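K.L.:
mind looking at a prediction? Sequence and model below.
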Amino acid sequence: MIGGRLVWGSAMYFLLASRGGAFTQKAFLAGAFVNAIPGILVQLLLIPILVLTLERAGFISK
């Protein structure tokens with residue numbers, strides 16, 4: 001998750017710089033973490049539940 005945020009931040013920096021804009025640290029923190037917290041929490045909660053359900057149903061093995 002952190003790697004994806006860093007790639008996103010780098011891409012935004014270069015895209016905005018190529019058009020004469022600025023990508024500030026405040027914008028990075030807001031976009032990469034504050035706005036993303038709900039999605040991160042959903043992933044951390046739902047993926048383990050999904051894996052356990054698929055294991056119990058016999059679709060995947062440990």
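P.N.:
Structure's in. What do you need? Fair warning: this is a prediction, and the values are worked out from it, not measured in the lab.

K.L.:
can you give me the strands in this structure?
P.N.:
Here the chain has no strands by DSSP state E.

K.L.:
ok, and the closest non-adjacent residue to S61?
P.N.:
E55 (7.2 Å; C-beta to C-beta, 6 or more residues apart in numbering). No exception for glycine: its C-beta is placed from N, CA and C like everyone else's.

K.L.:
ok, that neighbour - how many residues close by?
P.N.:
Around E55 there are 12 other residues, counting by other C-beta atoms under 10 Å.

K.L.:
one more: Q25?
P.N.:
8.

K.L.:
identify the residues contacting stretch 3-17?
P.N.:
A22, F23, A27, F28, G31, A32, F33, A36 (C-beta atoms under 8 Å, 6 or more residues apart in numbering).

K.L.:
try stretch 26-38
P.N.:
R5, W8, G9, M12.

K.L.:
what does the pLDDT read for the first one?
P.N.:
By that I understand R5. pLDDT, R5: 86.

K.L.:
same question for S18.
P.N.:
S18 is given a pLDDT of 94.

K.L.:
just the contacts of stretch 3-17: which are in helices?
P.N.:
Among the contacts of stretch 3-17, the members found in helices (DSSP state H) are A27, F28.

K.L.:
list only buried entries from the contacts of stretch 3-17.
P.N.:
F23, F28, A32, A36 (16 or more other C-beta atoms under 10 Å).

K.L.:
how close does the second one sit to R5?
P.N.:
If I follow you right, that is F28. 8 Å (C-beta to C-beta, to the nearest Å).

K.L.:
in space, what's closest to M1 - neighbours in sequence excluded?
P.N.:
I40 (6.1 Å).

K.L.:
sorry, back to before: just put the contacts of stretch 26-38 in JSON lines and tack on distance to I49 and neighbour count.
P.N.:
Output for the contacts of stretch 26-38, formatted as JSON lines (distance: C-beta to C-beta, whole Å; neighbours: other C-beta atoms under 10 Å):
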{"residue": "R5", "distance to I49": "24", "neighbour count": "16"}
{"residue": "W8", "distance to I49": "26", "neighbour count": "14"}
{"residue": "G9", "distance to I49": "30", "neighbour count": "17"}
{"residue": "M12", "distance to I49": "32", "neighbour count": "16"}
